[in-house]
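*Asks:* Build the 3D model from these lines:
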Amino acid sequence: MFDQDLIFILSDGFDFSFKQFILENEYIFKDEHPKDIASILLQLALSHKQNDDMTLIVLKVCKKG
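*Replies:* Numbers count the residues shown, from 1 in each chain. Down below sits the predicted model:
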């Protein structure tokens, strides 16, 4: 892992297309705070009608300096 890497942990309530969206668009989130990234992604996911519960954790690796 490197400084500023993002780690996404998703439950199975998210469908595969959503996971693929994150992988393809990770560069969009690079400069955002993990809390803001999670909020944006959850709002996006909730706008699609899901019948399962969802858990999302976003971590950002930060070099302690």
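
*Asks:* At which residues are the helices of this protein located?
*Replies:* Along the chain, counting by DSSP state H, helices occupy 16-29, 34-47.

*Asks:* Check the ones you listed for me and report the most buried one.
*Replies:* Ranked by mean neighbour count under mean count of other Cβ atoms under 10 Å, the helices of the chain are led by helix 34-47, which reaches a mean of 14. Backbone N, C-alpha and C define where each C-beta goes, glycine included.

*Asks:* which outside residues touch the helix or strand of the chain with the lowest mean pLDDT?
*Replies:* Of all helical and strand segments in the chain, the minimum by mean pLDDT, DSSP states H and E falls on helix 16-29, at a mean of 81. For helix 16-29, contacts defined as Cβ atoms under 8 Å, 6 or more residues apart in numbering pick out 6, 8, 10, 37, 40-41, 44-45, 48.

*Asks:* try 10 Å
*Replies:* Residues outside helix 16-29 that contact it (Cβ atoms under 10 Å, 6 or more residues apart in numbering): 5-6, 8, 10, 14-15, 36-38, 40-41, 44-45, 48, 50, 54, 56, 58, 60.

*Asks:* Could I get the CA-only coordinates of it as PDB?
*Replies:* Extracted in PDB, the C-alpha atoms of helix 16-29 (Å, rounded to 0.1, in the frame of the first residue of the first chain):
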ATOM      1  CA  PHE A  16     -21.300  -6.200  -9.100                       C
ATOM      2  CA  SER A  17     -21.900  -3.200 -11.300                       C
ATOM      3  CA  PHE A  18     -21.500  -0.900  -8.400                       C
ATOM      4  CA  LYS A  19     -18.200  -2.500  -7.400                       C
ATOM      5  CA  GLN A  20     -17.000  -2.200 -11.000                       C
ATOM      6  CA  PHE A  21     -18.000   1.500 -11.000                       C
ATOM      7  CA  ILE A  22     -15.800   2.100  -8.000                       C
ATOM      8  CA  LEU A  23     -12.800   0.400  -9.600                       C
ATOM      9  CA  GLU A  24     -13.200   2.300 -12.900                       C
ATOM     10  CA  ASN A  25     -13.700   5.700 -11.200                       C
ATOM     11  CA  GLU A  26     -11.500   5.600  -8.200                       C
ATOM     12  CA  TYR A  27      -9.400   8.400  -9.600                       C
ATOM     13  CA  ILE A  28     -12.400  10.800  -9.100                       C
ATOM     14  CA  PHE A  29     -12.200  10.200  -5.300                       C
END
